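> 3D model of this:
(chains A and B)
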Amino acid sequence: MDTMPRLHRILDIHTLKRGLYSSSIFIMLFLVFGVFTIYNRVAFDTNYLKAANISVIVNQASFLMVVGVAQAIALLTGDVNLSIGSVMAVTTVLFGRMLQQSSDIPLFIPIMLILFLGACIGFLNGILITKLKIPAFIASFATMYICRGFAWVFLGKTVIYRLDEGFRTISMGKVYTIGEFTITVPMLIALALILVVNFMLTRSTFGRKIYFVGSNVVAAQASGIPTDRVRITNQVISSFLAAFAGLLYVARLNACEPGMAIKTHFEAITVALLGGFVMTGGYGNVWGVVGGAIIMTAIQNGMNSIQLPSELQTLVMGLIIILTVFMNTFLLEKKMLVADKNIETKKAIISRGAQI
Amino acid sequence: MPKLLELQSIGKTFPGVVALDDVSIDLLVGEVHVLIGENGAGKSTLMKILSGAYQSDSGSLSIEGIEVLKNDPKKAEQLGIRMIYQELNLIPELSVMENIFLGHELKLKGQLFLNKRSMYEKAKEILGKLNIPIDPKIQVKHLTIAARQMVEIAKALSSKAKILVFDEPTSSLTSSEIKDLFAIITSLKATDVGMFYISHRLEELFMIGDRVTVLRDGKKIATKNIKDITIDELIEKIAGREITEIYPHKKQTAGEVLLDINGLTSEKFKNITMDLRSGEIVGLSGLVGAGRSEMARAVFGIDNYKSGSVTICGEKLVKKNPKIAGQKGLSYLPEDRKEQGLALPLNVRENIVIAGIDQLFPNHIINTQKETQVAASYVEELNIATPTTEKLTRFLSGGNQQKVVIAKWLLTKAKVFIFDEPTRGIDVAAKSGIYGLMDQLAKEGAAILMISSDLPEIIGMSDRVYVMSNGILAGEVRGADITQEKILELAFSHVKGELITDETA
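Numbers count the residues shown, from 1 in each chain, chains lettered A, B, ... in the order given. Model prediction:
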């Protein structure tokens, strides 16, 4: 009766909390930074690890963290959101249009409107997935095209330049400088987001339901969890965050254009996978996204620093994904067994302590 | 008739369960040997040992007098053993002849290309011999279930088959299709093959079988010539056994009605009306596929139903809303704990708390300390063998996993429990633990519906028993009428009818 344990069966969020899992992402970080530091030192005699460079990497990674979280949430219920990049495009194009039409409206009105629009697209994805029973991969694949199409319809080939300078601080603002390391507004935004989402996932009843649905949707149903509602809400949050990420991206670009973020949904999946999330759902810690985003940015940044041709950069990214996912899955079963032994021995020690 | 196959003193043990105990059986050339017994009696295990899917722990297997030392699926195939399963193993997109020769295609000289012409002719010859009027070039997906079954038989015969095993071949056939199938089986009797035939439908056995072997609890009860036995004797042999004293439930007077199911109807079941009263354990018996679990799922709101109503403690439940059902005090413990009851990658605490999480934390924020305390209290109360609440449920034994599922519903203060096969795959000691818990719940005023294919369990635990047959509530038995004979008779009652009517299951 026992079939081979499925991927997500192997995995457990608590082992992760105990840092057993996290070690693999640290190993990756260590490897990535190690390689580029040595290479830069030997080849160019420059210091890759200098604070200014780290600051640049973390700042860039902050943007990836936002889309990574958006994707990670979708992955948790065993779904996926391929429409992230297109949602970013269509919402920000509308945002740009609104600013263009009337320059005197308070900025928060278009912001609220497009965040709401993002949530609506997520709702549509959720309905397609749960009620029409279209697999998330295909449903969000379709809405990816629909949103991109709307973005082109709204703006054609034009680009809206020069956004409000006050608005641009969400991406360009600097808060405090320690030595050469600059703490920027995007870093703080990403940090705040991670804290909020982490709280939602680990401490709220809704978060628990998400993991339960992702671990075993049939058991979740049989436990009285409204699984459809959980999955729809998850998609809403995911696309809402995509719209939010869109604002960050256009503030950085200082332009709204329909062709933006054309590969972002894949970057988001990469970041989430590097961060330890799995396509089958039910597993992953949102802090992993921080590591995933930094690894990915460091690799891109590092490959630029050693002047690796961009064709090779793409190739290297593919290899990195395979390596990380391998570390996350194959080694985890062993780690989990070790963790289980730990529980047993800890208990034994406690009871022996009690006897003494 | 010469002896084709002999299985001698076969023994097979799975962790916690003796599946086969000293079973000997033989097969003659040209006979149909029927295997019969309740679910879990060991029929499938025995056939899996024959086909090499399982290795027996003891005993021997010999074919035409020559002992087969290490049997495995490949060897079994070389020996000419062919299984024809309930779930068909054909590839729908391929043609009939491609399916027939799948794995041993005829090739042209040079072994590179398929010899389509000779495959066509050979397929036509086999089908013709069996009197099956099917064009070998038609794609299997265009065929009815019955026709596919016949193609399976043709496939088995295309390579030299000696022993055919039919596993419930008629479960989805209409009566005229069954006649065609039986004609083919009868014609095969004249050749040099021998056949095992597994079925729940007693009448069929008398139509097609030569000998019958009854298995019960992994033991062989009897082998008889069909001519020498009646249906009543057969039922008695399938069921008859003593009930050991592991069932603690003392019958008591039932209280008010807690669950009232009225005229519930869907595609899988028709017009089910039953009630459950406080303090009683009600058995729900029937054959696999009778629609028991489907009905339970609809009552709890996982699946939809067409008409009828479910009322709990006087309040009518809305359709397809397990959340409301849970809040109103209904609970459902699915038949497959691993697949449907637990999130195995999550730990004991998370699994215990999940169903009652909204009641426990009405402001949506989990208080970890309180959560752990609550979970620990149920671990203690139900005596779940785990060092801490943090152990992953996948590392627990079957009995303890079941206790976690029960704990989940104790937390919601459920009043009505639907247990679906509560002790399947659990060892005897853990079973009595589960029975004790069920009795405890009934004493405290809960109403329990226990779906079970284990007759002694139904008889030992139930105050009264409903029996479903083929989607229909075949009857209710109470008190002294709760006997295996009576229940089995009801369980088979509508299955028999199906042979005559043209309805498919």
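
> can we go C-alpha only for contacts and neighbour counts from here?
OK.

> For burial, what's the neighbour tally of A:Ile38?
As a burial measure, A:Ile38 scores 16 neighbours (other CA atoms under 10 Å in any protein chain shown).

> residues in contact with the helix or strand containing it?
A:Ile38 is part of helix A:22-39, with elements assigned from DSSP states H and E. Applying CA atoms under 8 Å, 6 or more residues apart in numbering or on different chains, the contact partners of helix A:22-39 are A:16, A:47-49, A:274-276, A:288, A:291-292, A:294-295, A:298-299, A:302-303, A:306, A:324, A:327-328.

> can you rerun that using 6 Å?
A:Tyr48, A:Ile295, A:Gly302 (CA atoms under 6 Å, 6 or more residues apart in numbering or on different chains).

> State the mean pLDDT of the next helix or strand after it.
Per DSSP H and E, the first helix or strand lying C-terminal to helix A:22-39 is helix A:51-76. Computed over helix A:51-76, the mean pLDDT rounds to 95.

> for helix A:51-76, packing partners?
Other elements packing on helix A:51-76 under the criterion 3 or more CA pairs under 6 Å, 6 or more residues apart in numbering or on different chains; DSSP states H and E are strand A:181-184, helix A:185-203, helix A:227-253, helix A:264-274, helix A:287-305.

> Return the distance of the longest one from the chain's centre.
The one in question is helix A:227-253. 11 Å (CA atoms, centre = their mean, to the nearest Å).

> Report the central residue of chain A.
With distances taken as CA atoms, centre = their mean, the residue of chain A nearest its centroid is A:Gly68 (1.0 Å).

> wait, what's in contact with it?
Neighbour list for A:Gly68: A:Ala268, A:Val271, A:Ala272 [criterion: CA under 6 Å, 6+ apart].

> which among the residues you listed gets closest to chain B?
Proximity of those to chain B (CA to the nearest CA) peaks at A:Ala272, which lies at 19.3 Å.

> B:Lys162 against B:Gly80, yeah?
Yes: contact status for B:Lys162 versus B:Gly80: in contact at 4.8 Å, counting by CA atoms under 6 Å.

> Between the helices and strands packed on helix A:51-76, which one is closest to chain B.
Nearest to chain B, of the helices and strands packed on helix A:51-76 and by CA to the nearest CA, is helix A:185-203 at 5.1 Å.

> what's A:Thr177 sitting at in phi/psi?
Dihedral pair for A:Thr177: phi -120, psi 120, per degrees, to the nearest 10.

> What is the burial count for it?
Neighbouring residues of A:Thr177 were enumerated by other CA under 10 Å; the total is 11.

> Close to chain A: what parts of chain B are there?
Within chain B, the positions near chain A by CA under 6 Å from any CA of the partner chain are B:Pro322, B:Lys323, B:Gly326, B:Gln340, B:Gly341, B:Leu342, B:Ala343, B:Pro345, B:Ala355, B:His364, B:Ile365, B:Ile366.

> Among those residues, which pair sits farthest apart?
Using CA to CA, the residues of chain B next to chain A reach their maximum pairwise distance at B:Gln340 and B:Ile365, which is 26.2 Å.

> low-scoring pLDDT stretches of the chain, where are they?
Assuming you mean chain A. Applying pLDDT under 70 to chain A flags residues A:1-23, A:330-356.

> Chain B, not that one
Flagging of chain B using pLDDT under 70 yields the residue ranges B:1, B:15-17, B:39-40, B:86-88, B:171-175, B:240-246, B:425-429, B:495-505.

> which residue is nearest the centroid of it?
Short answer for chain B (CA atoms, centre = their mean): B:Val288, at 4.8 Å.

> and the stretch 101-250 of chain A, which residues reach chain B?
Selection of the stretch 101-250 of chain A residues close to chain B by CA under 6 Å from any CA yields A:Arg203, A:Ser204, A:Thr205, A:Ser215, A:Asn216, A:Val218, A:Ala219, A:Ser223, A:Gly224, A:Ile225.

> Of B:Lys162 and B:Gly80, which one has the most company?
Neighbour comparison, B:Lys162 and B:Gly80: the larger count goes to B:Lys162, with 23 against 19 (by other CA under 10 Å).

> Please report how far A:Gly166 lies from chain B.
36 Å (CA to the nearest CA, to the nearest Å).

> I'd like the distance between that residue and A:Ile111.
In this view, A:Gly166 and A:Ile111 are 13 Å apart by CA to CA, to the nearest Å.

> Compare neighbour counts for these two and give me the winner.
Using other CA under 10 Å as the criterion, A:Gly166 and A:Ile111 rank with A:Ile111 on top: 18 against 11.
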